[in-house]
Structures are given as C-alpha cells and as structure tokens.
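Everything below, folded, please.
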Amino acid sequence: WLEMPATCHQADEKIFELAETFVNGDATSDWRSTMGWLFYIWGHSYEYRTEEDWARMEKLCAMLGDPQKSLKFIHVAASQITEGTTKLVVGLIFAITATRLGASYVIISAFTMLGVTLGALTGLVHLLLVSKIKIFGYNSEQISKNEENKIAKRIFRVSIPITASAAVMSITGIVDLALIIRRLKDVGYSELESVSLYGNFTTLAVPIFNLALSLITPISIAFLPVFARSYASGDNLKLKSSIFSSLELTSLLSAPIVMGTIVYSEQILKLLFGNVGISLGSKLLRLLILGIVFMSVLLTINSALEAEGSVKIPLISMRIGSIFKIFISYLLIGDAKYGIAGAPIGTVISYAVALAVSLIIFTKKFGYFPPIIKTSIPAYLCSFCAVFISTIPYNLMENKVSNPLQTLLSICICAVIYVSFCFV
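The predicted structure is shown next:
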C-alpha cells in the first residue's frame, strides 16, 4: 500500500467528484466491466481538526456506502465464505460417504481432510477469478516494468520472512508429534498410552490455548500500521505511545484469560469436552496457558520490529525459541517425574526465550525497554482479585444448579467484576 499510487488524498477538492464517478460510473466501461474499480483514498485522522472536516468525511462515507449503487471489497469475504462452505459441505459429504461404505476411522478422517483441502482450493480459485483489479483513477503506465519488478521483490522480501515466522510453530508441532510419543515410550509408556497422552494434550489443552491466542493476536496486527506510520514519520513520541497502548490492551485481555483458565481449567474443559480426560487435561492447560503471558508481549514487540523493517527478527526469535522447546521437552518428557507435562513446560519456556531475544533486539533498535511491567501488573492484579471473588458464588452454587450453569455464571460474574475494576 505504501508503494501503490492512491486515487486521491482525503482533502482533495475533487474527492466528491471522483466518488460520484466511482459510484455511478458507466458499468459497461473497460474499468468496471473487466477489472472492477478500487477507490484508494489516503490520509490521516489527525488531519481532521474541525467538525467540518469530519462532516466532510461522513458525507463521503455515505456516498460510498450506498448498497444500491456500489458493491466493493467483497471478493476476499466472498472467497472466505466459499472456502468455509465447501469445507463444511464437501467434508461432511465425504465423511458420511466413507462411513456408509464401512471405511475405518483413519480413512474417514482422510476423506474429511480431503474436503477441507478442496475448500481451501475453491477459495483460491475464487480469488484467482476476481484478482484483476484496477485502481480507480490510476493509469498503469505510471509505473514502468522495472519499477513493478522492484515493488514485487520488495513485497516478497517483506512477506516471506513474516510468513515463515508464522509457520515456525506449525513445523514445531510436527516435531512435537514424533518427539513426545517417542520420549513417553522411552520412560515406559506403551505406544497406545503415549498416543493417548499426546492426544489429551493436543485435543484438550492446545485448542484452549490457541483460542486464547487468537483473541489477543488481532490487537498487535491492528497496531502494526500505526507503528509503521509513526516510525516512518520519525514521531518517536507517537511510536512509544502506540507501543504502550498495544501492550496495555493485550494485558487487559490476556490477564483475565490466564487467571481465569488457571482457576477454572477443569470446569472449562468439562463444559466444552465432557468428562473424558479432563483431570489430566486441566493440569496440562494450567501449565500451557502461562505461555499467553509471554506471547501477549511478544506479539506487540515483534509487530514493532516488523514496522521498523526488521522483519526477519521475529523469525529468528521464534526459531531460537523452538530450539529451546525441543531441547527442554526432550529432557523433561524423558523424565518420569514430568512425563507429558514436559510438553507444555517446554512450550512456555520457548515463548519466554523468544520474547527475551526480541526484547534484546527491540531495546537496541529503539533505544529503550518497553513498559511491560507497568502495562501488565495492574491488569493481572485486577484479574486475580476478580477471579478470586468469583469463586465465592461458584462455591455457593455447588449442588444447587447444574455444573455448566455454575461455570457459566461464575465466569460472567468474574467478567463483570473485572470490567468494574478496570474502570475504577
């Protein structure tokens, strides 16, 4: 987006004229009938200094948001709907067909995954069919072939390390599969017992951890453009303020998740998965959820480094963390005193190591240590108090309401108390 020429600036005198042409333009023209239009406006919120400025933008949004006249930015959303629907429908059809044919559970699972794969493929095909988008008001001749190649190289140079960084933990998960089962067998567990313990960890503890992680990840992603803009403009004060806000928001969200999961881990697993394996699963979850403490900070720090241009640093820190994870897990799982508990401990340590590496480089790049303690302690104190108080009504409801209702009401009470503390 920084390289792509925009249609106009938000303060352009001709912006309404351009918007009118965009909304009511000739649908048979080359632009709209063959490639579609993209109305690309650039600017900053701080440029709006008066009520008239905001009224002007509201008028523009009203023009562009008329559903009767304009259909825009739907291709990605439509491809996701296509992908999700195909995954569900085709996967379900394949699973039912394989079941009726008397196939084994392995074959049924394989057919179901084939449906998931085909779903991803249909989403890709959808995007390929609608990928020819031309920027409204932009002449492609403005950029030479040589400049286009430079832009493409820059995109790949930035995107590949970021993508590789995201893939590191997935690759580590594959290594976990072989490592955990092998080390459990080394300390005396049978192959069936080893697979069962691994399944307990990956189907009970890991999904809850991933759910928690998915809730805090969007915060760092949302702040990435703010970090990049502040760094590019040399506004160090704004950059520090944005990093502080990001750390504060992630702490406000991650703290109750961590404290609540530690206290209510068994109840949450029982609510979601029933009684099977929750005794061990809850213990593993209590250990694994501590990784959120480090990941919540790591996400913001890595986003700031990516905004500064150090896109390879997150990949390096995650790689180092993964090496520690494999080493620690290998040692602990092979110790009968720890067993399968070594897996979540190794994971938490890997996140701590990755955070330490990123923090060292962050401090050197930006010249200061991020305010982690200042942004985290209040949130965790409030969370601790809220969770502790919520256990009182939880115990009072014992044997008076159903277990699911008891858990849900306690979590709701905890949430209300926590929000109240945050606004005090």
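
could you point out where the stretch 1-150 of the chain is predicted with low confidence?
Counting by pLDDT under 70, the ranges of the stretch 1-150 of the chain that qualify are 1-4, 25-37, 65-77, 130-148.

Now with 80, please.
Within the stretch 1-150 of the chain, the stretches falling below the threshold (pLDDT under 80) are 1-6, 22-38, 44-51, 58, 61-81, 105, 126-150.

Please enumerate the helices of it.
Ranges of helices in the stretch 1-150 of the chain, per DSSP state H, counting those that start in this stretch, are 15-24, 30, 51-64, 75-100, 105-129, 145-186.

What of the stretch 251-400 of the chain?
Shown for the stretch 251-400 of the chain, the helices assigned by DSSP H, counting those that start in this stretch span residues 278-288, 291-308, 313-333, 342-366, 372-396.

so what does the second one touch, helix or strand wise?
Yep, that's helix 291-308 we're talking about. With contacts taken as 3 or more CB pairs under 8 Å, 6 or more residues apart in numbering; DSSP states H and E, helix 291-308 sits against helix 206-233, helix 236-273, helix 313-333, helix 342-366. Backbone N, C-alpha and C define where each C-beta goes, glycine included.

Can you mark which positions in the longest one are buried?
Going back to what we said before, that points to helix 236-273. Applying a neighbour-count criterion of 16 or more other CB atoms under 10 Å, one finds 238-240, 242-243, 246-271 buried in helix 236-273.

Ser322 contacts Ser350, correct?
Yes. In this structure, Ser322 is within contact of Ser350 by CB atoms under 8 Å, at 6.0 Å.

Neighbour count for these two, which is higher?
Here Ser322 and Ser350 are set side by side on neighbour count (other CB atoms under 10 Å), and the busier one is Ser350, at 25 against 20.

Now do the contacts for that one.
Under the criterion of CB atoms under 8 Å, 6 or more residues apart in numbering, the contact list for Ser350 reads Thr172, Gly321, Ser322, Phe324, Lys325, Ile328.

do that again at 6 Å, thanks
Under the criterion of CB atoms under 6 Å, 6 or more residues apart in numbering, the neighbours of Ser350 are Gly321, Phe324, Lys325.

Around the nearest residue to it once chain neighbours are set aside, how many other residues sit close by?
Counting by CB to CB, 6 or more residues apart in numbering, Lys325 is the residue found nearest to Ser350 once chain neighbours are left out, at 3.4 Å. Lys325 has 26 neighbouring residues, counting by other CB under 10 Å.

Show the pLDDT at Lys325.
Taken from the predicted model, the pLDDT recorded for Lys325 is 89.

roughly how far apart are it and Met295?
Distance check for Lys325 against Met295: by CB to CB, to the nearest Å, it reads 13 Å.

again with Ile180
Taking CB to CB as the measure, Ile180 falls 21 Å from Met295.

same deal with Tyr418?
From Tyr418 across to Met295, the span is 20 Å (CB to CB).

cool, and Ala55?
Distance, Ala55 to Met295, by CB to CB: 42 Å.

Could you list the low-pLDDT ranges of the stretch 301-424 of the chain?
Confidence mapping of the stretch 301-424 of the chain against pLDDT under 80 gives the ranges 309, 311-312, 423-424.

what do you get if the cut-off is 90, keeping everything else the same?
Counting by pLDDT under 90, the ranges of the stretch 301-424 of the chain that qualify are 303, 305-316, 318-319, 321-323, 325-326, 334-336, 398-404, 421-424.

same check, this time on the stretch 151-300 of the chain
Low-confidence regions of the stretch 151-300 of the chain, defined here as pLDDT under 90, cover residues 151-183, 186-189, 191-196, 198-204, 206-207, 210-239, 242, 270-279.

which residues sit in contact with the closest residue in space to Gly260 that isn't next to it in sequence?
If you skip the residues right next to it in sequence, Gly260 has Val387 as its closest partner in space, 5.5 Å away by CB to CB, 6+ apart. By CB under 6 Å, 6+ apart, the residues touching Val387 are Met259, Gly260, Val263, Cys414.

Cys422: which of these is nearest?
The shortest approach to Cys422 among the contacts of Val387 belongs to Cys414, at 12.6 Å (CB to CB).

which residues touch that closest one?
Taking CB under 6 Å, 6+ apart, we find Cys414 in contact with Ala386, Val387, Ser390.

let's see 7 Å
Cys414 makes contacts with Gly260, Ala386, Val387, Ser390, as judged by CB atoms under 7 Å, 6 or more residues apart in numbering.

And the spatially closest residue to Leu299 that is not a sequence neighbour, how close does it get to Val226?
For Leu299, the nearest residue in space outside its immediate sequence neighbours is Ser220; the separation is 3.8 Å by CB to CB, 6+ apart. Remark: distance between Ser220 and Val226 (CB to CB) = 11 Å.

out of the two, which sits in the more crowded spot?
Neighbour tally, Ser220 and Val226, criterion other CB under 10 Å: the higher count belongs to Ser220, 24 against 19.
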